[in-house]
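*Asks:* Provide a 3D model corresponding to the input given below.
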Amino acid sequence: MHFTLRQLQVFEAVARHLSFSRAARELHLSQPAVSMQVKQLEGQAGLPLFEQVGKRLYLTEAGGALCRQAHAIQRQIEETAQTLAALKGVNQGTLDITLISTAKYFAPRYLARFCAPYPGVKLKLTVSNRAGLLQRLRDNETDLAIMGHPPEGLDIVAEPFARNPHAIIAPPDHPLARARRVPLRRLAEENFLIREPGSGTRLLMERVFRAHGVSVNAMMEISSDETIKQATMAGMGIAFLSLHTVELERQTGRLAVLDVVGMPVMRDWYIVHRKDKRLPPVASAFREFLLSQTNEAPERASAPAKAKIPSRRS
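*Replies:* The predicted structure follows:
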């Protein structure tokens, strides 16, 4: 096959939008020009890359395979550009990082602190649930990830950099809000708002309650910490969450943390990457920066601090 990088770029845009017209607008091309590039690429492949059913466009099996390879090629190009930039001694590049949804409440402070001295560094930030984050690691679509429960069976490097306390939250007018030393078994009487199966928060909650022989009365399953907080404030139940997610609501008196025996449960935040990943210089520097902050609580990660970008000798 003698396809060009431009053809791959056009194909990737169409595959992402599943629309020739939207891809054309993004690339500032005419729709016929986009269609021609895709048609030429299909001629090189000898297989159709898209199929239209009614008014909707779908990737064929060949299109899906080529799309995955196009993403891999694009990442190799980006890594090459960052490597060349580092060899020039230029503090620039793209920091591609994926956050587990819970980490969005504190990780931007670390990112801002790291990026402040380097205006040439660009940030590509993705927030995802656990399943999406793990898929991005498997597909090599992110350099680094921040999560609280690293997976088993995936060839990764996971390094702790901060503590992650979990506890039971409730509305401030809840009968247990002013109680002290509440036994965990007392919570079996309460309605719980819980995360979806596979969530790191839910896995931890189930492990803690199971260890004490306590069953959780799951009133509602919700796939978002933000929605769980809103439902808790509305009095629909109580929840087990990372305290980093409720910092603002605690300060404003909209949520209370129950004084439950054995809580908060402490877990770590991890910076994660594939073991076979050759980290770009900027990603490697951010990893080292995070690991240097291990004695600092995430809520205090706000003051500017110079982070060292590796030189070509490091």
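
*Asks:* from now on I want contacts and neighbour counts done on CA atoms only, so please keep to that.
*Replies:* Noted.

*Asks:* which residues touch the residue nearest the centre of the chain?
*Replies:* Compute the mean C-alpha point of the chain, and by C-alpha atoms, centre = their mean the closest residue is residue 99, 2.4 Å away. When contacts are counted by C-alpha atoms under 8 Å, 6 or more residues apart in numbering, residue 99 touches 107, 125, 126, 127, 128, 133, 145, 146, 147.

*Asks:* could you list the low-pLDDT ranges of the stretch 1-150 of the chain?
*Replies:* Flagging of the stretch 1-150 of the chain using pLDDT under 70 yields the residue ranges 1, 81-91.

*Asks:* give me the buried positions along stretch 233-242.
*Replies:* In terms of neighbour count (16 or more other C-alpha atoms under 10 Å), stretch 233-242 has its buried residues at 233, 236, 237, 238, 239, 240, 241, 242.

*Asks:* okay, and the beta partners of the residue nearest to the centre of the chain?
*Replies:* Residues in a beta bridge with residue 99, per DSSP bridges, are residue 127, residue 146.

*Asks:* quick one: it from residue 137, how far?
*Replies:* 11 Å (C-alpha to C-alpha, to the nearest Å).

*Asks:* overlap in contacts, the two.
*Replies:* By C-alpha under 8 Å, 6+ apart, the residues touching both residue 99 and residue 137 are residue 145.

*Asks:* about what we covered before: among the contacts of residue 99, which pair sits farthest apart?
*Replies:* 107 and 133 (15.1 Å; C-alpha to C-alpha).

*Asks:* more neighbours: those two, which one.
*Replies:* residue 133 (23 against 16; other C-alpha atoms under 10 Å).

*Asks:* wait, that one sits on residue 103?
*Replies:* No - Residue 133 is beyond contact range of residue 103, at 11.9 Å (criterion: C-alpha atoms under 8 Å).

*Asks:* identify the bridge partners of residue 193.
*Replies:* Bridge pairing for residue 193 - DSSP bridges - gives residue 220.

*Asks:* pretty sure it contacts residue 235?
*Replies:* No - using C-alpha under 8 Å, residue 193 is not in contact with residue 235; the gap is 10.5 Å.

*Asks:* can you map out the helices along the chain?
*Replies:* For the chain, the helices defined by DSSP state H cover 5-17, 20-27, 31-45, 61-87, 107-115, 130-138, 200-211, 225-233, 247-251, 281-291.

*Asks:* looking at the ones you listed, which is closest to residue 174?
*Replies:* Between those, helix 225-233 lies closest to residue 174; by C-alpha to C-alpha that is 10.0 Å.

*Asks:* report all helices and strands that the closest one contacts.
*Replies:* In this structure, helix 225-233 makes packing contacts with strand 156-170, strand 191-194, strand 239-242, judged by 3 or more C-alpha pairs under 8 Å, 6 or more residues apart in numbering; DSSP states H and E.

*Asks:* would you turn those strands into a markdown table with distance to residue 21?
*Replies:* Conversion of those to a markdown table gives the following (distance: least, C-alpha to C-alpha, whole Å):
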| stretch | distance to residue 21 |
| --- | --- |
| strand 156-170 | 39 |
| strand 191-194 | 41 |
| strand 239-242 | 43 |
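
*Asks:* neighbours around residue 147, how many?
*Replies:* Residue 147, neighbours per other C-alpha under 10 Å, totals 25.

*Asks:* let me redo that: residue 229
*Replies:* Neighbours of residue 229 using other C-alpha under 10 Å come to 24.

*Asks:* what does the one 3 residues further on give?
*Replies:* The number of residues packed near residue 232 is 22, by other C-alpha under 10 Å.

*Asks:* just to check, it is in contact with residue 246?
*Replies:* No - contact status for residue 232 versus residue 246: not in contact, 11.1 Å apart, counting by C-alpha under 8 Å.

*Asks:* how far away is residue 236 from residue 174?
*Replies:* Taken as C-alpha to C-alpha, the span from residue 236 to residue 174 is 11 Å.

*Asks:* got the helices of the chain as a markdown table, with distance to residue 267 columns?
*Replies:* Output for these, formatted as a markdown table (distance: least, C-alpha to C-alpha, whole Å):
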| stretch | distance to residue 267 |
| --- | --- |
| helix 5-17 | 36 |
| helix 20-27 | 42 |
| helix 31-45 | 49 |
| helix 61-87 | 32 |
| helix 107-115 | 16 |
| helix 130-138 | 16 |
| helix 200-211 | 9 |
| helix 225-233 | 17 |
| helix 247-251 | 17 |
| helix 281-291 | 16 |
